[in-house]
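J.: Build the 3D model from these lines:
(one chain, ligands or ions: 1)
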Amino acid sequence: MTKIILASASPRRKELLSLLKISFEVCKSDVEEIMDQTMHPAELVMKLAEQKATDVYSKYTNSVVIGADTIVTLGGQKLGKPTSEDDAFKMLSLLSGNTHEVYTGVSIQSRGTITNFNVCTKVTFYQLTDEEIHAYIQTGEPMDKAGSYGIQGFGAIFVKEIEGDYYSVVGLPISQLARQLRKLNII
Ligand SMILES: Cc1cn([C@H]2C[C@H](O)[C@@H](COP(=O)(O)OP(=O)(O)OP(=O)(O)O)O2)c(=O)[nH]c1=O
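T.: Numbering: from 1, shown residues only. You can find the predicted model right below:
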């Protein structure tokens, strides 16, 4: 059996991949993520996912390696993880009362072949007050998440509507990933 490795430090991705009831290991990549504002978000998340997977694959060439990347976009602007609490406040103010996209890219590297795909989900936020945003930042939840919120956590109360794959917003489009892994005869 070929070893499957998740090239991620994200506890959410580990939890989501566990839903498939397959055995896998986790090995985080050391790739520095560069937010290229000129690239299409769908291309960018696949490129970053591929960089993470390639980095780990180079150390475990006999394995199947899965990398992923998530970014939020609003009106053509790309939002990654916040660099500070002020940055988180700015992002959440932008998302307030608006619909944004969450792009997650996935890269599967196996036997010298690379398979990439991306999933886009639309999320609409209720109008948020400054007090609500400040209180949310105080929970610490936004700081390691693209767009400064976690739909799976306290950030859930901001969400009015979602169109697309919930799991992709959390960081891993698990149904599409399972289908790809089956197609590639990996699971
Ligand atoms: C929008 C959103 C993002 N996120 C998370 C998913 C990703 O972990 C993170 C985006 O950062 P990423 O750079 O995609 O991932 P990461 O640095 O956490 O992990 P790694 O690169 O090692 O795989 O934001 C949520 O958990 N919930 C949400 O609702």
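
J.: Every contact and neighbour count from this point should use C-alpha atoms.
T.: Noted.

J.: ranges for the strands of the protein?
T.: Applying DSSP state E to the chain gives strands spanning 4-6, 25-26, 64-74, 77-79, 99-110, 113-125, 159-163.

J.: Enumerate the residues of this structure near the ligand.
T.: Within the chain, the positions near the ligand by Cα under 6 Å from any ligand atom are 8-10, 28, 68-70, 145-147, 149-151, 169-171.

J.: Show me which helix or strand of the protein is least confident by mean pLDDT.
T.: strand 77-79 (a mean of 95; mean pLDDT, DSSP states H and E).

J.: What strands line up against that one, and which way round?
T.: strand 64-74 (antiparallel) (DSSP bridges).

J.: What's the mean pLDDT across the partner strand?
T.: Here strand 64-74 scores 98 as its mean pLDDT.

J.: Keeping just the C-alphas, turn it into CSV.
T.: Only the C-alpha atoms of strand 64-74 are listed here, as CSV (Å, rounded to 0.1, in the frame of the first residue of the first chain):
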residue,chain,number,x,y,z
VAL,A,64,1.0,10.0,-2.5
VAL,A,65,1.1,13.6,-1.3
ILE,A,66,-1.9,15.9,-0.9
GLY,A,67,-1.4,19.7,-0.5
ALA,A,68,-4.1,22.4,-0.2
ASP,A,69,-4.5,26.1,-0.1
THR,A,70,-7.5,28.4,0.8
ILE,A,71,-8.0,32.1,0.1
VAL,A,72,-10.9,34.5,0.3
THR,A,73,-11.7,37.0,-2.5
LEU,A,74,-14.0,40.0,-2.4
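
J.: tell me how far that strand is from the chain's mean position?
T.: 4 Å (Cα atoms, centre = their mean, to the nearest Å).

J.: Ok, stretch 94-107 next?
T.: With Cα atoms, centre = their mean as the basis, the mean position of stretch 94-107 lies at 10 Å from the chain mean.

J.: got it, and stretch 41-53?
T.: Counting by Cα atoms, centre = their mean, stretch 41-53 comes out at 10 Å from the chain centroid.

J.: In contact with the residue lying closest to residue 151 once chain neighbours are set aside: list those residues for me.
T.: Nearest residue to residue 151 in three dimensions, chain neighbours excluded: residue 170, at 6.7 Å (Cα to Cα, 6 or more residues apart in numbering). Applying Cα atoms under 8 Å, 6 or more residues apart in numbering, we find residue 170 in contact with 12-13, 150-152.

J.: ranges for the helices of the chain?
T.: 11-18, 41-57, 85-95, 130-138, 166-170, 174-183 (DSSP state H).
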